[in-house]
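Engineer: A predicted structure for the sequence below; I have some questions about it.
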Amino acid sequence: MTYKDVYRASLEDPERFWMQAAEAIDWDRKPSKALFDRGEHIYEWYADGLVNGCYNAVDRHVTAGRGGQAAIIYDSPVTGTKSTLSYADLQTKVASLAGAMVAQGVGKGDRVIIYMPMIPEALEAMLACARIGAVHSVVFGGFAANELAVRIDDCQPKAILAASCGLEPGRVVHYKPLLDGAIELADHKPDFCLILQREQEMAELTPGRDLDWHDAQNGVPPADCVPVEGNHPAYILYTSGTTGAPKGVVRPTGGHLVALNWTMKNIYDVDPGDVFWAASDVGWVVGHSYICYGPLIHGNTTVVFEGKPVGTPDAGTFWRVISEHNVRSFFTAPTAIRAVKREDPKGLEREKYDLSCLRSLYLAGERADPDTIQWAQDILNVPVYDHWWQTETGWTIAGNPAGLEALPVKIGSPTVAMPGYDVQILDEAGHPQKPGELGAIAIKLPLPPGTLPTLWNAADRYKKSYLNAFPGYYETGDAGMIDEDGYLYIMARTDDVINVAGHRLSTGAMEEVLASHPDVAECAVVGVSDQLKGQSPLGLVCLTKGVNRPHGEITSECVKLIRDKIGPVAAFKNALVVDRLPKTRSGKILRATVVKIADNQEFKLPATIDDPAILDEIRDALQTIGYAKG
């Protein structure tokens, strides 16, 4: 079947389509039907089935005689450690850890926070929770104590599983003091904490509350898999909310298993046994879907990488890992590729490695500018697929179904809507836009399996955040357009569409133009307040390593480029060279924060910011051109 056949079938008869996809999962009790309509635009999938996430990700492969296959390859350039866990090894470790939690009273429905770095034990912790029906909530390792406390109070965990420390290039991140501080700040207190002592830093355990990770497993029986309902939450994952309070995205077990399994072949084009690598972190949705669950459910080998795209030790570390571990499909964020490009613009590091194993590169997490895609295509000589999805959806909204039918790549587009996603472009009144017209990207309900049915303990907030703007649709918060061929273009977050003297303009389109400048490694365009025009665009550009030309020359060329490619209507007059852009740890540029700094407004320090010191650098730079004046 072609992509169009499959996509049409998913929209015309979703019941049949998703029941068929569910056949690939091992159910304790098969669901009687796929979709359950709960009224008021609330839907659930496979609600009356019984299933276990850990069984599907681990045990069934052992039962099928594939226990000797590698499940997890751990590669840590920051510690110089490499190891491999087979599916049989993983089953033993997960059952033992789950047994330790059961012995301490954790059971089905209890919440468990996981606060760990990129090590195999983080995946073991997630799977151990799934094994016994506990609901895990992974919090990015090293998150500030007050932010961790907010999550403790929201999901009220019975237990917290943590490591003594995390490791960054040249420094140790002390997790235990942050954990202790968070528990002290939180109103809710966990019954116990399991602490994995890393040799780089042994933490002091709190008597009566903290247990050593390994000691707690001694002498307790391993736990069996506990079947849970299809609509039982597998996990809660917090994503930043516009009000500052994090939103707990709920991931239901049944749909999550079915959808992720479907994607591994149809989108990422891997077969069971192939090595798949998502260079992300377990704290983000990519880590949940494509480091832990997706590859393991499908019977792939997943890579757990503790390092950075550059600096551990150089800009060739991605290529080394791919070559050494025989990676077939590689998934990372555009910001990671831009970092490599900035350090090694000619791709000299890539030439040191045999990458004949690699079939394709997948990018997601933010807009992938054409220049970055082109550079990656040129040095890797494989297809580069941009694809678009969200924490809320858990898997691809729009992508290139390479394993089903590789569609022509249009650089600048994440290609087409995936099965089950009826993507539409709406104007402010909710009317569909014509092809090529910019508008709000919305998805006609119901969303497909694996997507969020609600927010944790916040059903009203769920409706307000996603359903109320366009009744009958899920509001994505992104703006874009669909062309005559059905290709989707994500131009900006809805609030990044700026209004310049009555013209609605996409900051993303301007960023594409700036990124095409040969000296620009990465950039961001924001809309700052303008008394005459309402808003005016401001460009921040980071230069490629080794560029020594006067900054004024480069910024003048940037202004001319926008004028030539987009036109005088953009009123683009200001570009500023900065050393680096403020980002979240997952690589998203904090554009709204830059706007507030430029407009001299108060702002809350984003919890996920990679390095707060950069905001002072940005303020100082903005002041040189007349912004951020207090």
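Structural biologist: Arrived safely. Note that the structure is predicted; figures quoted are calculated from it, not measured. Numbers count the residues shown, from 1 in each chain.
Engineer: switch to C-alpha atoms for all contacts and neighbour counts from now on
Structural biologist: OK.
Engineer: where's the residue located most distally from the centre of the chain, which helix or strand?
Structural biologist: Seen from the C-alpha centroid of the chain, the residue lying at the greatest distance (C-alpha atoms, centre = their mean) is residue 532, 38.7 Å away. Remark: residue 532 resides in no helix or strand, with elements defined by DSSP states H and E.
Engineer: report the buried residues of the worst-scoring helix or strand of the chain on mean pLDDT.
Structural biologist: Sorting the helices and strands of the chain by mean pLDDT, DSSP states H and E puts strand 503-506 at the bottom, at a mean of 73. By neighbour count on 16 or more other C-alpha atoms under 10 Å, the buried set for strand 503-506 is 505, 506.
Engineer: what helices and strands are in contact with that strand?
Structural biologist: For strand 503-506, the packing partners by 3 or more C-alpha pairs under 8 Å, 6 or more residues apart in numbering; DSSP states H and E come out as strand 497-500.
Engineer: just checking, what packs against the strand it packs on?
Structural biologist: Applying 3+ C-alpha pairs under 8 Å, 6+ apart, we find strand 497-500 packed against strand 503-506, strand 534-543.
Engineer: domain-wise, how is this structure divided?
Structural biologist: With domains defined by automatic domain parsing, the chain comprises 87-226, 503-623.
Engineer: list just the one of those domains that sits closest to residue 59.
Structural biologist: domain 87-226 (6.3 Å; C-alpha to C-alpha).
Engineer: quick one: end-to-end length of that closest one, please.
Structural biologist: Using C-alpha to C-alpha, to the nearest Å, the end-to-end distance of domain 87-226 comes out at 19 Å.
Engineer: flag the shaky bits of this structure, pLDDT-wise.
Structural biologist: For the chain, applying pLDDT under 70 flags the ranges 240-244, 494-496, 501-502, 504, 630.
Engineer: where is the longest helix in it?
Structural biologist: helix 87-103 (DSSP state H).
Engineer: downstream of that helix, the next helix or strand is which one?
Structural biologist: Next in line after helix 87-103, if elements are assigned by DSSP H and E, sits strand 111-115.
Engineer: in that following strand, what's buried?
Structural biologist: 111, 112, 113, 114, 115.
Engineer: give me the number of residues near residue 208?
Structural biologist: 9 (other C-alpha atoms under 10 Å).
Engineer: what pairs with the residue nearest to it when sequence neighbours are not counted across the strands?
Structural biologist: Spatial nearest neighbour of residue 208, excluding adjacent residues (C-alpha to C-alpha, 6 or more residues apart in numbering): residue 192 at 8.0 Å. Beta bridges link residue 192 to residue 159, judged by DSSP bridges.
Engineer: so what's residue 192 up against?
Structural biologist: 104, 158, 159, 160, 208, 209, 210, 211 (C-alpha atoms under 8 Å, 6 or more residues apart in numbering).
Engineer: what are the boundaries of the helices in the stretch 501-630 of the chain?
Structural biologist: Here the stretch 501-630 of the chain has its helices, by DSSP state H, counting those that start in this stretch, at 507-515, 551-565, 591-598, 613-623.
Engineer: show me the contact partners of the shortest one.
Structural biologist: Helix 591-598 is contacted by residues 524-528, 582, 602-603, 615, 618-619, 622, 627-629 when judged by C-alpha under 8 Å, 6+ apart.
Engineer: and stretch 377-393, by the same measure?
Structural biologist: Contacts of stretch 377-393 (C-alpha under 8 Å, 6+ apart): 237, 239, 249, 284-285, 347, 350, 355, 358-366, 368, 373, 376, 395-400, 409, 413-415, 450-452.
Engineer: any buried residues in that stretch, and which?
Structural biologist: 377, 380, 383-393.
Engineer: what's the first-to-last distance across that stretch?
Structural biologist: Using C-alpha to C-alpha, the end-to-end distance of stretch 377-393 comes to 28 Å.
Engineer: repeat for stretch 581-598
Structural biologist: Terminal residues of stretch 581-598 are spaced 14 Å apart (C-alpha to C-alpha).
Engineer: use 39 as the first number from now on
Structural biologist: Done: numbering now begins at 39, and the last item shifts to stretch 619-636.
Engineer: how about the strands in the stretch 89-238 of the chain?
Structural biologist: Ranges of strands in the stretch 89-238 of the chain, per DSSP state E, counting those that start in this stretch, are 108-114, 119-124, 149-153, 173-176, 197-201, 203-206, 209-212, 230-234.
Engineer: turn those into TSV, columns for distance to residue 458.
Structural biologist: Shown next, in TSV, are these (distance: least, C-alpha to C-alpha, whole Å):
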stretch	distance to residue 458
strand 108-114	30
strand 119-124	34
strand 149-153	30
strand 173-176	26
strand 197-201	35
strand 203-206	39
strand 209-212	42
strand 230-234	40
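Engineer: residue 577 is nearest to which of these?
Structural biologist: Nearest of the strands of the stretch 89-238 of the chain to residue 577, taken as C-alpha to C-alpha: strand 203-206 at 30.3 Å.
Engineer: can you name every helix or strand that the closest one contacts?
Structural biologist: With contacts defined as 3+ C-alpha pairs under 8 Å, 6+ apart, strand 203-206 has these neighbours: strand 209-212, helix 213-223.
Engineer: buried ones in it?
Structural biologist: Buried residues in strand 203-206, counted by 16+ other C-alpha under 10 Å: 203, 204, 205.
Engineer: I'd like to know how far the last one sits from residue 313.
Structural biologist: When C-alpha to C-alpha is applied, the distance between residue 205 and residue 313 equals 25 Å.
Engineer: pretty sure residue 291 sits against residue 92.
Structural biologist: No. At 10.3 Å, residue 291 and residue 92 do not qualify as touching, with contact defined as C-alpha atoms under 8 Å.
Engineer: tell me, what's touching the two both at once?
Structural biologist: Counting by C-alpha under 8 Å, 6+ apart, nothing touches both residue 291 and residue 92.
Engineer: turn the helices of the stretch 539-668 of the chain into CSV, columns for distance to residue 69 and mean neighbour count.
Structural biologist: Output for the helices of the stretch 539-668 of the chain, formatted as CSV (distance: least, C-alpha to C-alpha, whole Å; neighbours: other C-alpha atoms under 10 Å):
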stretch, distance to residue 69, mean neighbour count
helix 545-553, 43, 23
helix 589-603, 54, 17
helix 629-636, 44, 20
helix 651-661, 51, 16
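Engineer: the ones you listed: which one's closest to residue 342?
Structural biologist: Between residue 342 and these, the tightest spacing by C-alpha to C-alpha is seen for helix 651-661, at 28.6 Å.
Engineer: what's the most buried one of the domains of the chain?
Structural biologist: domain 125-264 (a mean of 21; mean count of other C-alpha atoms under 10 Å).
Engineer: looking at the contacts of helix 629-636, which are in strands?
Structural biologist: Per DSSP state E, strands hold the following members of these: 562, 563, 564, 565, 566.
Engineer: quick revisit: what pairs with the least confident helix or strand of the chain, parallel or antiparallel?
Structural biologist: Sheet pairing of strand 541-544 (DSSP bridges) gives strand 535-538 (antiparallel).
Engineer: which residues touch the partner strand?
Structural biologist: 517, 542-545, 565, 571-575, 607-609.
Engineer: neighbours around the nearest residue to residue 465 once chain neighbours are set aside, how many?
Structural biologist: Excluding the flanking residues, the one nearest residue 465 by C-alpha to C-alpha, 6+ apart is residue 477, at 5.2 Å. Other residues lying near residue 477 total 25 when counted by other C-alpha under 10 Å.
Engineer: circling back to that earlier point, could you measure from the residue nearest to residue 246 over to residue 298?
Structural biologist: For residue 230, the distance to residue 298 equals 32 Å [C-alpha to C-alpha].
Engineer: same check on residue 377?
Structural biologist: Distance, residue 377 to residue 298, using C-alpha to C-alpha: 29 Å.
Engineer: more neighbours: those two, which one.
Structural biologist: Neighbours per residue (other C-alpha under 10 Å) separate residue 377 from residue 298, with residue 298 holding more: 24 against 18.
Engineer: the inter-axis angle of whichever strand or helix holds residue 357 versus strand 108-114?
Structural biologist: Taking DSSP H and E as the criterion, residue 357 maps to helix 355-363. Computed by axes from the mean of the first three to the mean of the last three C-alpha atoms, to 10 degrees, the angle separating helix 355-363 from strand 108-114 equals 140 degrees.
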